[in-house]
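Student: I need the structure of the sequence given here:
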Amino acid sequence: MGDDRRMAFLFDLDGTLVDSVYQHVVAWREALEAIGIELSIWRIHRRIGMSGGLFLAGLLRETGRAVTAEEIRRVQQVHAETYGRLLGQVRPLPGARELLDELTRLGIPWAIATSGRLESARKTVAVLGLDADQIPLVTRDHVRHAKPDPDLFLAAAERLGVEIGESVVVGDSVWDMLAARRARALSVGLLSGGYGAGELLEAGAYRVYDDPADLLRHLDEVGVRAADYEWTLAEPS
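Tutor: This next block holds a predicted model:
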């Protein structure tokens, strides 16, 4: 890597830095039930991480039921209200804050790119002890299309002033991996969102780790070069 190139990390939020996937699943279930649609939890979980529009379109296709614009607004409203009520249960994933702090210490830029709306993302970022106004945060409100389109990660790289090809996308879902592939970025999968290693690898992940703490222990495997991670062999006497 030349001196004029800068490596950067682009993080998904839910299931990647914070343990919030299942709160979102419950919130979506309550939101769908508010308009009379009942779906199994696992069907909802498989689509967490997609843009809200594609998420709803996919789930509603499975029910075969048409919905009105007013019902869609109702679903989105109830989801936001329910997730807000469950936010007190959300915790940072192991090693999440430590990973971000280490990248900052090493001078490696990072950003958060989430399919969630800014209002929800602000509250979730606060769980990490971070101020959404003080960090590079790209949400659904900032782009035309969310995941699995590449727009969020492209916008995050642009926000940092780095090339997308020099960026590492870190996410927990196949939608993150697909978006990274379409953006032509290297992607790393985490198991902390509920997807299996095989699914993430098949979707394009270069490496898969348990959670942020596991990634922190293996930063050298994803190209981070720093004295702390390099072995020096003693010269033979």
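Student: leaving out chain neighbours, which residue sits closest to Asp176?
Tutor: Spatially, and ignoring its direct neighbours in sequence, Asp176 is nearest to Asp12 (5.0 Å; CB to CB, 6 or more residues apart in numbering). The way it works is simple: take the backbone N, C-alpha and C, and place the C-beta from them, glycine included.
Student: could you report the separation of that neighbour from Leu60?
Tutor: 24 Å (CB to CB, to the nearest Å).
Student: ok, now Trp110?
Tutor: 35 Å.
Student: again, but for Val67
Tutor: Using CB to CB, Val67 is found at 6 Å from Leu60.
Student: contacts for the lengthiest helix in the chain?
Tutor: For the chain, the longest helix by residue count, based on DSSP state H, is helix 69-86. With contact meaning CB atoms under 8 Å, 6 or more residues apart in numbering, helix 69-86 is reached by 23-24, 26-28, 30-32, 34-35, 52, 56, 67, 117, 119-120, 123.
Student: go ahead and confirm His45 touches Trp28.
Tutor: No: applying CB atoms under 8 Å, one finds His45 not in contact with Trp28, separated by 9.1 Å.
Student: neighbour count winner among these two?
Tutor: Trp28 (26 against 20; other CB atoms under 10 Å).
Student: got the domain ranges for this structure?
Tutor: For the chain, automatic domain parsing gives the domain ranges 8-19+91-229, 21-89.
Student: okay, those domains in JSON lines with mean pLDDT next?
Tutor: Below are these laid out as JSON lines (pLDDT from 0 to 100):
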{"stretch": "domain 8-19+91-229", "mean pLDDT": "94"}
{"stretch": "domain 21-89", "mean pLDDT": "84"}
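Student: deepest-packed of these, please.
Tutor: domain 8-19+91-229 (a mean of 20; mean count of other CB atoms under 10 Å).
Student: chain center to that one, what's the gap?
Tutor: Relative to the centre of its chain, domain 8-19+91-229 is centred 5 Å away, using CA atoms, centre = their mean, to the nearest Å.
Student: ok, stretch 11-25 next?
Tutor: Per CA atoms, centre = their mean, the centroid offset for stretch 11-25 relative to its chain is 7 Å.
Student: got the contact list for it?
Tutor: Residues from elsewhere that reach stretch 11-25, judged by CB under 8 Å, 6+ apart: 41, 44-45, 48-49, 79, 83, 86-87, 89-93, 96, 100, 110-114, 116, 121, 124-125, 127-128, 169-173, 176, 190, 192-194, 212.
Student: among those residues, name the ones in strands.
Tutor: If you go by DSSP state E, the contacts of stretch 11-25 have 91-92, 110-113, 169-171, 190 in strands.
Student: CSV for the residues you listed, including distance to Ile72?
Tutor: Converted to CSV, those look like this (distance: CB to CB, whole Å):
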residue, distance to Ile72
Arg91, 31
Pro92, 32
Trp110, 34
Ala111, 29
Ile112, 26
Ala113, 24
Val169, 29
Val170, 31
Gly171, 26
Leu190, 30
